[in-house]
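Peer 1: Pasted the sequence and its predicted model underneath.
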Amino acid sequence: MNTDHCLVERRGHVLVVTLNRPEAKNALSPGMLAGMYRAWRRLDDDPELRVAVLTGKGDVFCAGADLKAMGAGEVDDDFMQLMSEVPDIHWQALLRHNRPTKPIVAAVEGFAVAGGTEILQGTDIRVAAEDATFGVTEARRGLFPLGGSSVRLRRQIPYTFAAEILLTGRHVTAREALAFGLVGRLVPKGQALAAALQIAEQVAANAPLAIRALVRMLREVDESVPEAEALARELEYGSPVFGTRDAKEGMRAFAEKRPPVYTGE
């Protein structure tokens with residue numbers, strides 16, 4: 001199990017997670033999945049970390065599963081041993097469930113197809129290069145996208161466009177992805193990571209407890225929740241923030257006309 005397939009680097013309050021198989025278009029490998037799983041748990045467990053950036057090495061984000069290895073029936077014994085301890089490690093790695101309680105910013109260059117687009121739907125803020133390509137192509141290979149796309153895609157973008165992506169398996173341009181809200185920002189080729197890091201630093205500069213409450217609301221309370229219930233949840237999640245030390249620091253810093261120094265308390 002090659003653990004170098006996922007590089008993890010801390011930059012201040014930001015955790016940078018890089019898929020590192022550029023020679024294989026950053027196709028998912030056992031070592032990559034294990035590294036991603038450990039990175040997400042580290043993001044949650046380390047109080048000094050406030051946000052993560054997920055990107056791919058080279059000019060590709062992620063081309064999905066390694067179909068050649070799957071077709072050949074290759075098995076990684078070390079990874080299978082790890083799965084015996086954490087049976088859903090692959091789904092946690094792909095952000096299908098048990099997502100970190102802190103936000104994740106995606107930086108996409110080139111292809112983000114199949115599992116690449118599925119991972120994307122588990123992130124919160126998405127920056128893509130103008131030449132990026134997306135798609136959920138499993139149906140073209142006789143497979144089913146089990147990473148969450150059949151559920152999340154129609155909730156995150158218009159139904160008919162989600163249906164077209166899933167049922168045709170066609171590739172989607174960055175312009176289309178932006179128009180329908182799959183990504184939030186386009187940047188010139190080669191600039192996705194820099195833009196994502198800039199956004200992550202802006203997030204990290206804010207009060208951590210306020211950010212976590214907002215992330216919880218964004219992920220758990222969508223338009224399917226009745227308005228009265230959604231507003232009640234807003235009070236439940238948001239009201240405790242006002243009693244934190246960071247809230248007092250934020251108001252004090254505003255009055256004193258200085259940048260706030262937040263501690264997550």
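Peer 2: Happy to help now that I have it. Numbering: from 1, shown residues only.

Peer 1: Next, the residues that contact stretch 231-239 from outside, please.
Peer 2: For stretch 231-239, contacts defined as CB atoms under 8 Å, 6 or more residues apart in numbering pick out 213, 216, 217, 220, 221, 225. To be clear about C-beta, it is placed using only N, CA and C from the backbone, and glycine gets the same treatment.

Peer 1: How about stretch 142-160?
Peer 2: Contact with stretch 142-160 is made by 91, 94-96, 114-115, 117-119, 121-122, 136, 138-139, 162-163, 165-166, 180-182, 222, 224, as judged by CB under 8 Å, 6+ apart.

Peer 1: Looking at the contacts of stretch 231-239, spot the one nearest residue 64.
Peer 2: Within these, distances to residue 64 taken as CB to CB reach their minimum at residue 220, with 27.4 Å.

Peer 1: Just give the closest residue to that closest one, not the sequence neighbours.
Peer 2: Leaving aside its chain neighbours, residue 220 sits nearest to residue 233 (7.3 Å; criterion: CB to CB, 6 or more residues apart in numbering).

Peer 1: right, and the helix or strand after the helix or strand where the one you found lies?
Peer 2: In the assignment (DSSP states H and E), residue 233 maps to helix 227-238. Once the chain leaves helix 227-238, the next helix or strand it forms, by DSSP H and E, is helix 245-256.

Peer 1: any weak-confidence spans in the chain?
Peer 2: The model of the chain has pLDDT under 70 over residues 1, 67-75.

Peer 1: and the residue nearest the centre of it, what does it touch?
Peer 2: Closest to where the C-alpha atoms of the chain average out (CA atoms, centre = their mean) is residue 123, at 2.4 Å. For residue 123, the contact set (CB under 8 Å, 6+ apart) comprises 54, 95, 104, 105, 106.

Peer 1: Likewise for residue 176?
Peer 2: With contact taken as CB under 8 Å, 6+ apart, residue 176 is in contact with 134, 182.

Peer 1: By neighbour count, which bits of stretch 86-101 are buried? Give me those.
Peer 2: Across stretch 86-101, burial judged by 16 or more other CB atoms under 10 Å covers 89, 90, 91, 92, 93, 94, 95, 96, 98, 99, 100.

Peer 1: what two of those residues have the greatest distance between them?
Peer 2: Pairwise distances across those (CB to CB) peak at 16.3 Å, for the pair 90 and 100.

Peer 1: so who does residue 63 touch?
Peer 2: For residue 63, the contact set (CB under 8 Å, 6+ apart) comprises 24, 25, 26, 27, 111, 113, 114, 115, 116.

Peer 1: From residue 265, how far out is the fifth one?
Peer 2: Residue 111 sits 42 Å away from residue 265, taking CB to CB, to the nearest Å as the criterion.
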